[in-house]
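1. give me coordinates for this.
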Amino acid sequence: MQQQSQNIDLDNPEFQNAWAMIQNTHRSVFLTGKAGTGKSTFLRYICAHTKKKHVILAPTGIAAVNAGGQTLHSFFKIPFKPLIPDDPDYSPRRMRETMRFPRAKVKLLRELELIVIDEISMVRCDIIDFIDKVLRVYSGNMREPFGGKQLLFVGDIFQLEPVVTRDMRQILNHWYKQFFFFNARVFSQLGLVPIELRKIYRQSDNQFVALLDRVRVNQATAADLAALNTRYTPDYRDNDGSFVITLATRRDTVDAINDEHMIALTTPEYTFHGEITGTFPDGDLPTNRDLTLKQGAQVIFIRNDKEGRWVNGTIAKVSALTDSDIEVEMENGETHNLDPEQWENVQYTYDEKEKKVIETPIGTFKQYPVKPAWALTVHKSQGLTFGKVVIDFAGGAFTSGQTYVALSRCTSLEGITLLKPLSMRDIIVSSAVVAFSHQFNNQQVIDSAIEQEKARHLYLRAVHAFDHNEFGECIAALSQARLLHDVTLKPAVQRLAALKLQRFNRQEKEIKNLAQVIDAQNKMLRKLALEFTAMGDQSLGMGSLAEEPSTSYGTSQPALDEIAMRSALANYNKAIDISPTCIPAYLGKARLLMIIDEPRKALATIEQALKIEPGNYDALVAMAQYHGSQKDVPNAIKAYKRAIKAKRTAALPHEALAAIYEALGLDDLADRHAAKAKVLRAKEHKKK
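-> Reported below is the predicted structural model:
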């Protein structure tokens, strides 16, 4: 992969692995990385370039708006309560009744191939299990985790952990030991592939990067702590107007700092009213709906500039204000007039005609892309980068990842100011997170996942070939798949194979039943055909040709009127239409054709009968009689001899041959056949 733009490093080996997993497999991936590794940049690239039908979701409204997606809760209708795995209201059987998704949403859930969840570190495990349940039910695939959908989880679990209140913890402790997303039960059935981006793009000081790494994984040394505490400045005062942001653990501390600075400004106050159209909840707004500023106020940009003049998190000072204009001064001294920006609140739908997922704006918010900010909570600072940071940990850190997030917001150690010295107690890292991190970038797992995906496609090809009776292709694909990843001993696979093979038992029974039905129908049709044949014989004034033929072809027949002949021909043809294998009907028709002097048609009709049943005695006798009527003695003899082989108990062929040989002066042959005929006739009379 070559670098496509100056903003993204596509030669990054870990990103190449992640991209290969997204493009070439359906395995779920956790894309993580320490602060400054470009997670958000790589995420934007994936969403812009993947061909898979996808949606982007995030746990908070602001994160969702920034990512250009929806919140998890709105997309999946997730209740704001602990979601216990065996809640009867959300059992697979009752979920459709409880959730009541509109038809368009159900269609979307079925068609989705990739679901991206950003800021995953803030998502609880019970929410992931709930999402798994929703996707299984509404995708119609209860067997596979997440209903067979691929999920891409993005975030840093070493940063801020999910918010779990005491009452939530008491409830969820019955099912979960920890509450990180990777503690979800679904992952016991699903091999999640964790890939960690390692190259740092934010900090250039290698020693500072290494120090942050050790803080991140709870391996900070006394020397690391001493280095950090060199930045402790107990009497710090922000008097020089430098572009600096204070990060605090408590919201009341942040509000107090911001209010104090704003009140201290004696310049006129201006309020800019944001415009909302459609649906855009206040909780999802990226800045204040009514933005109040003063000249000299410090602001933070909340959106990247299309022209690259600032990014989300850049600090500036308001240098001039009017009722309709905001001018800001950047840290480098440049000034810029700001234009209002527009954010969209989107809803995902599936376009049946275009076969793709559509982002439909259901609301917009228009406001200047800044908000006053001398201070932020550590929580709100996630994902932002600053040149100068004041860290106010009055009361100490109280949750996992807090200290690491605060320190890693700054590009250098020199840019950090501590209002309180750090102690080892402030470096809180979950042991569960550290244990899970040992699975990151396991190349064997990544290679195995790709091999398994190749095998999966081969197994699917084998199933498709089997279903279409292409058994050679089925065996070939199955053999190749087993070489890559043998799953044939898994109970679920064996059950599927047994289910597929039951098809042969069903088909055998169906064939037997069908054969019986066909046999009964053929018997009925033959009986009906013989009745029409008998009617044809009656029209000709002859006995049924189903019995032994006694009237020779070409001998004189009673004069028949045209009506009788037409009736006979119609009955014979009807018999043949009903039962195309009814030999007596062909022979009756042949006799009629001889009577009306159509010998060629008669011969063709007898040949049809012999084609149906080459050894049929009656048809062979009819053929012999036909040749006799045409004075074709050799073929007549040949046909009678075949008739004798077909029915050795019949006297008629011997009598006919005796007469032929006598006429030819071959007395010995004539006597032999006459004697044989006499014996056979005697046996016939004896049976009667």
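
2. all strands for the stretch 151-300 of the chain, in order.
-> 193-197, 245-248, 269-273, 275-278, 290-294, 298-301 (DSSP state E, counting those that start in this stretch).

3. CA atoms of the first one as CSV?
-> This points to strand 193-197. Output in CSV follows, covering the C-alpha atoms of strand 193-197 (Å, rounded to 0.1, in the frame of the first residue of the first chain):
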residue,chain,number,x,y,z
VAL,A,193,-8.7,-9.9,16.4
PRO,A,194,-7.1,-7.1,18.4
ILE,A,195,-4.7,-4.9,16.3
GLU,A,196,-2.7,-2.1,18.0
LEU,A,197,-1.3,0.8,16.0
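
4. neighbouring strands - and their directions - for that strand?
-> The partner list of strand 193-197 in its sheet, established with DSSP bridges, is strand 29-33 (parallel).

5. same thing with the third one?
-> Taking DSSP bridges as the criterion, strand 269-273 pairs within the sheet with strand 290-294 (antiparallel).

6. the second one now?
-> Taking DSSP bridges as the criterion, strand 245-248 pairs within the sheet with strand 375-377 (parallel), strand 389-392 (parallel).

7. now do that strand: everything it contacts.
-> By C-beta atoms under 8 Å, 6 or more residues apart in numbering, the residues outside strand 245-248 that reach it are 254, 257, 300, 315, 373-378, 381, 386, 388-394, 406, 409. Where you see a C-beta, it was placed from the backbone N, CA and C, and this is true even at glycine.

8. and these, which of them are buried?
-> Listed as buried from these are 254, 257, 300, 315, 373-378, 381, 386, 388-393, 406, 409; burial here means 16 or more other C-beta atoms under 10 Å.

9. which other helices and strands contact the helix or strand containing Phe365?
-> In this assignment (DSSP states H and E), Phe365 forms part of strand 356-367. Counting contacts by 3 or more C-beta pairs under 8 Å, 6 or more residues apart in numbering; DSSP states H and E, strand 356-367 packs against strand 275-278, strand 341-351.

10. list every C-alpha atom in the shortest one, with coordinates, as CSV.
-> Yep, that's strand 275-278 we're talking about. Extracted C-alpha coordinates of strand 275-278, given in CSV (Å, rounded to 0.1, in the frame of the first residue of the first chain):
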residue,chain,number,x,y,z
GLU,A,275,-29.9,27.3,14.2
ILE,A,276,-31.5,23.8,14.5
THR,A,277,-33.6,22.3,11.7
GLY,A,278,-35.3,18.9,12.0
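
11. and it, which residues are buried?
-> By 16+ other C-beta under 10 Å, the buried positions in strand 275-278 come out as Ile276.

12. swap in the last one?
-> Going by neighbour count (16+ other C-beta under 10 Å), the buried part of strand 341-351 is Glu341, Trp343, Glu344, Asn345, Val346, Gln347, Tyr348, Tyr350.

13. which of those residues lies closest to Gly191?
-> Set against Gly191, the nearest of the buried residues of strand 341-351 by C-beta to C-beta is Tyr348 (27.2 Å).

14. mind listing the residues bridging to that closest one?
-> For Tyr348, the beta-bridge partners are Glu359 (DSSP bridges).

15. list the contacts for it?
-> Val55, Gly69, Gln70, Phe75, Leu108, Val357, Ile358, Glu359, Thr360.

16. which residues of the stretch 551-688 of the chain fall in helices?
-> Secondary structure of the stretch 551-688 of the chain (DSSP state H, counting those that start in this stretch): helices located at 562-578, 583-595, 599-612, 617-629, 633-646, 652-663, 667-687.

17. for the third one, name the packing helices and strands.
-> Right, the one you point to is helix 599-612. Using 3+ C-beta pairs under 8 Å, 6+ apart, the elements in contact with helix 599-612 are helix 583-595, helix 617-629.

18. before we move on, what about the longest one?
-> Contacts of helix 667-687 with other secondary structure elements, assessed using 3+ C-beta pairs under 8 Å, 6+ apart, are made with helix 652-663.

19. which elements pack onto the helix it packs on?
-> Packing partners of helix 652-663 (3+ C-beta pairs under 8 Å, 6+ apart): helix 617-629, helix 633-646, helix 667-687.

20. select from these the stretch with the lowest mean pLDDT.
-> Ranked by mean pLDDT, those end with helix 667-687 at the bottom, a mean of 89.

21. could you give the angle of that one to helix 633-646?
-> Between helix 667-687 and helix 633-646, the angle comes out at 40 degrees (axes from the mean of the first three to the mean of the last three C-alpha atoms, to 10 degrees).

22. what's the domain layout of the chain?
-> 13-199, 206-428, 459-519, 522-542+560-686 (the TED database).

23. only alpha carbons, please: show the lowest-mean-pLDDT helix or strand in the chain as CSV.
-> Least confident helix or strand, the chain: helix 61-67 with a mean of 72, by mean pLDDT, DSSP states H and E. C-alpha atoms of helix 61-67 as CSV (Å, rounded to 0.1, in the frame of the first residue of the first chain):
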residue,chain,number,x,y,z
GLY,A,61,-24.0,12.1,20.7
ILE,A,62,-20.9,14.4,20.2
ALA,A,63,-18.7,11.4,19.3
ALA,A,64,-21.3,10.2,16.9
VAL,A,65,-21.6,13.7,15.3
ASN,A,66,-17.9,14.0,15.0
ALA,A,67,-17.6,10.6,13.4
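
24. redo the strands paired with strand 245-248 as TSV? Include mean pLDDT and distance to Ile120.
-> Listed next are the strands paired with strand 245-248 as TSV, based on pLDDT from 0 to 100; distance: least, C-beta to C-beta, whole Å:
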stretch	mean pLDDT	distance to Ile120
strand 375-377	92	20
strand 389-392	93	25
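
25. so which of those comes closest to Ala677?
-> Smallest distance to Ala677 across these (C-beta to C-beta): 119.4 Å, for strand 375-377.

26. show me the contact partners of the closest one.
-> Residues outside strand 375-377 that contact it (C-beta under 8 Å, 6+ apart) are 245-251, 253-254, 257-258, 300, 384, 392.

27. lowest-confidence entry in these?
-> For those, the pLDDT minimum is Leu384, 84.

28. contacting residues around that residue?
-> Contacts of Leu384 (C-beta under 8 Å, 6+ apart): Ile300, Asn312, Gly313, Leu376, Arg409.

29. so where's this structure uncertain?
-> The chain contains residues with pLDDT under 70 at 1-7, 62, 202-204, 239-241, 542-560, 688.

30. longest helix of it, counting residues only.
-> The longest helix of the chain (DSSP state H) is helix 491-540.

31. that one versus helix 562-578: what angle between them?
-> For helix 491-540 against helix 562-578, the angle by the same axes, to 10 degrees is 170 degrees.

32. how far does helix 491-540 sit from the chain's center?
-> 39 Å (C-alpha atoms, centre = their mean, to the nearest Å).

33. and if you look at stretch 614-632?
-> Going by C-alpha atoms, centre = their mean, where stretch 614-632 is centred and where its chain is centred differ by 68 Å.
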